[in-house]
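the sequence isn't on hand, but the structure is:
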């Protein structure tokens with residue numbers, strides 16, 4: 001995946017990075033240039049491939065509008081990189097632009113914007129890694145040095161990002177001074193306290209530490225509402241406070257991604273094939289076009305059906321079904337398929353089979369399903385800054401004002417990616433979960449988490465700090481998912497970051513409930529075709545051993561007693577109980593809630609908590 005600046009290729013990214021690390025609105029650290037990935041208005045759709053997933057497309061339309069018609073993969077350049085008619089390289093890929101626009105010369109410490117004309121772009125079309133900006137008139141040295149991006153920016157919680165206000169910051173307000181700035185560095189620590197911006201014209205100077213801390217609000221101007229990836233500003237004034245951040249800070253960009261698993265829609269074999277190839281068949285407007293598709297080899301999987309039968313199936317697909325209801329959640333159809341465990345619905349992208357329930361855990365686990373083949377599709381619908389969207393129970397719950405736009409106009413398509421993998425689904429017994437939640441110690445633990453959720457929201461000035469609490473049912477399933485995920489990673493051959501979770505947790509009072517289950521699956525770009533490791537561990541004897549070992553590992557943590565004594569209601573600083581990197585935390589790409597709402601104490605007894613352990617409670621009742 002190439003990143004292009006104007007007509008120059010300057011680096012490479014993996015397709016998955018454009019959804020989770022360096023998507024639209026993110027700053028990419030390329031070999032010699034810091035650049036921002038531009039909005040969809042600048043993307044070239046020619047090298048993009050359409051990805052079919054109707055449920056996900058419908059969910060995207062609910063968030064961004066029904067003008068969204070397609071899910072497209074990021075553009076993939078031609079392998080040769082050259083056109084057939086000319087020697088110049090073909091420029092294709094993801095468009096980027098230099099950001100921040102302020103640069104620093106490492107020799108003379110000159111600090112100036114690119115529009116000043118003091119820095120020149122030197123591009124090498126045959127060695128993209130050498131593309132850089134240089135200070136041609138640097139008074140120190142004979143060779144023009146490559147300049148560096150100024151590593152301070154300002155952002156706000158509404159997703160706006162801007163260059164640091166160097167001039168007003170150095171002069172402590174608006175000025176008419178024809179500034180010539182230099183960024184001096186004292187010491188070798190690189191901390192803000194050791195950096196000072198100076199104006200050679202008037203002599204004003206200021207330490208960068210003033211941009212951080214309690215007095216930062218007085219030192220920084222109001223947010224301008226800038227969208228640098230769109231080359232525009234917000235239509236309305238932004239009332240969110242500006243915050244100084246460092247270039248490359250982890251809170252400078254958070255993706256807002258919708259995820260769906262491709263599950264069979266049911267029906268006969270022909271209808272399943274039509275659903276599978278709908279991205280091609282939806283463009284068919286007559287039986288003649290069906291015949292043409294067959295002649296060019298696009299309908300090989302339909303060889304047992306006639307052209308007329310295919311055309312009738314296409315028309316049935318297009319006809320609105322008044323009886324079918326679009327589920328409010330993407331997970332609801334998935335839960336129905338997994339909890340029924342009907343192998344007759346298997347197709348080319350999805351294959352499951354029921355497995356035996358471990359005898360030792362039959363009191364709490366109702367069903368185990370091994371998923372030999374699955375397909376996951378993700379779509380980027382926006383981004384956030386400063387505050388992670390992981391505090392919301394679903395991406396759909398993120399307020400639109402906290403979600404950065406992908407384009408200047410309502411987009412007609414969004415970036416998406418698809419990966420294939422395998423997994424294990426475990427369904428818990430509803431009666432066991434409900435009986436456990438009635439226990440006094442469990443209700444007390446729920447109160448502690450609810451109080452912590454409220455303090456977390458108040459600390460971040462959320463309008464309704466009680467909204468979005470996932471209930472202790474979710475915390476139980478989430479904690480068990482992480483415990484089992486860590487254990488399976490040791491045996492399956494997959495890295496921890498290659499295993500993902502999907503939690504199905506809804507109370508009986510919900511119209512889509514009750515749900516109580518987890519899916520652990522591989523969905524990484526390097527797991528195409530799957531290794532079979534998770535499926536093997538989902539077999540009866542293997543799974544029982546791994547569940548037992550996973551729970552045993554949760555009794556004592558290497559960080560105890562600090563870990564076991566941690567409370568989620570402590571000053572609103574965290575949303576987890578007895579959990580840390582040594583026991584329950586997982587890579588950010590593996591966890592669907594950013595390592596929040598985790599607690600070993602709801603799984604097993606710890607030396608700091610007793611009475612709320614789900615599995616120990618079940619063992620006691622059986623004796």
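Cool, the structure landed. The shown structure was predicted, so the numbers you read here are calculated from the model rather than taken from an experiment.

helix/strand/coil for residue 501?
When classified by DSSP: H, G, I helix; E, B strand; the rest coil, residue 501 comes out as strand.

grab the nearest non-local neighbour of it.
Closest residue in space to residue 501, ignoring its immediate chain neighbours: residue 481 at 4.6 Å, by C-beta to C-beta, 6 or more residues apart in numbering. (Glycine included, C-beta is placed from N, CA and C.)

am I right that the one you found is in contact with residue 518?
Yes: at 4.5 Å, residue 481 counts as touching residue 518 under the criterion of C-beta atoms under 8 Å.

of the two, who's got more company?
Neighbour totals were compared for residue 481 and residue 518, and residue 481 leads with 26 against 23 (other C-beta atoms under 10 Å).

contacting residues for that one?
By C-beta atoms under 8 Å, 6 or more residues apart in numbering, the residues touching residue 481 are 501, 503, 518, 520.

and the residues you listed, which are buried?
When those are checked for burial by 16 or more other C-beta atoms under 10 Å, the buried set is 501, 503, 518, 520.

give me the beta-bridge partners of the second one?
Using DSSP bridges, the bridge partners assigned to residue 503 are residue 518.

surely it and residue 597 touch.
No: Residue 503 sits out of contact with residue 597 when judged by C-beta under 8 Å, with a separation of 9.5 Å.

what's in contact with stretch 20-27?
For stretch 20-27, contacts defined as C-beta under 8 Å, 6+ apart pick out 13, 28, 34-40, 99-100, 159, 161, 227-229, 247-248, 252-253, 255, 257, 380, 383, 404, 406, 415, 589.

ok so, going back, now do the shared contacts for residue 503 and residue 597.
Contact criterion C-beta under 8 Å, 6+ apart; residues shared by residue 503 and residue 597: 474, 478.

straight-line length of stretch 42-59, end to end?
In stretch 42-59, first residue to last residue: 24 Å (C-alpha to C-alpha, to the nearest Å).

widest-spaced pair of the contacts of residue 481?
Maximum pairwise distance among those (C-beta to C-beta): 10.2 Å, between 503 and 520.

now do the same contact list for residue 564.
Listed by C-beta under 8 Å, 6+ apart, the contact set of residue 564 reads 557, 578, 600, 601, 606, 607, 608, 609.

in JSON lines, list those residues along with secondary structure and pLDDT.
What follows is the contacts of residue 564, written out as JSON lines (DSSP: H, G, I helix; E, B strand; the rest coil; pLDDT from 0 to 100):
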{"residue": "557", "secondary structure": "coil", "pLDDT": "93"}
{"residue": "578", "secondary structure": "coil", "pLDDT": "93"}
{"residue": "600", "secondary structure": "helix", "pLDDT": "94"}
{"residue": "601", "secondary structure": "helix", "pLDDT": "94"}
{"residue": "606", "secondary structure": "strand", "pLDDT": "90"}
{"residue": "607", "secondary structure": "coil", "pLDDT": "83"}
{"residue": "608", "secondary structure": "coil", "pLDDT": "84"}
{"residue": "609", "secondary structure": "strand", "pLDDT": "81"}
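
so which residues of the stretch 251-400 of the chain form helices?
Taking DSSP state H, counting those that start in this stretch as the criterion, the stretch 251-400 of the chain contains helices spanning 269-276, 278-281, 287-295, 307-318, 331-340.

which of the ones you listed sits closest to residue 113?
helix 278-281 (44.6 Å).

average model confidence for that closest one?
Average pLDDT, helix 278-281: 74.

elements contacting it?
Applying 3 or more C-beta pairs under 8 Å, 6 or more residues apart in numbering; DSSP states H and E, we find helix 278-281 packed against helix 307-318.

measure residue 23 to residue 15 for me?
Taking C-beta to C-beta, to the nearest Å as the measure, residue 23 falls 11 Å from residue 15.

between these two, which one's more packed in?
More crowded of residue 23 and residue 15, by other C-beta under 10 Å: residue 23, with 26 against 18.

what about that one, distance to residue 255?
The value you get for residue 23 to residue 255, if C-beta to C-beta is used, is 5 Å.

need the overlap of contacts for the two.
By C-beta under 8 Å, 6+ apart, the residues touching both residue 23 and residue 255 are 380, 383.

buried stuff in stretch 135-150?
135, 138, 144, 145, 146, 147, 148, 149, 150.

same deal with stretch 306-316?
307, 310, 311, 313, 314.

what is the rounded mean pLDDT of it?
pLDDT averaged over stretch 306-316 gives 77.

cool, stretch 248-268 as well?
83.

chain center to that stretch, what's the gap?
Relative to the chain's own centre, stretch 248-268 is displaced by 7 Å; criterion: C-alpha atoms, centre = their mean, to the nearest Å.

checking my notes, residue 472 in a helix, right?
Yes: with three-state DSSP as the criterion, residue 472 is part of a helix.

tell me how many other residues crowd it.
Residue 472 has 25 neighbours, counted by other C-beta under 10 Å.

that one: what's it in contact with?
For residue 472, the contacting residues are 437, 442, 445, 446, 449, 602, by C-beta under 8 Å, 6+ apart.

for residue 103, see how far away the closest residue in space to residue 180 that isn't next to it in sequence is.
Once flanking residues are discounted, residue 180 sits nearest to residue 200: 4.6 Å by C-beta to C-beta, 6+ apart. With distances taken as C-beta to C-beta, residue 200 is found 17 Å from residue 103.
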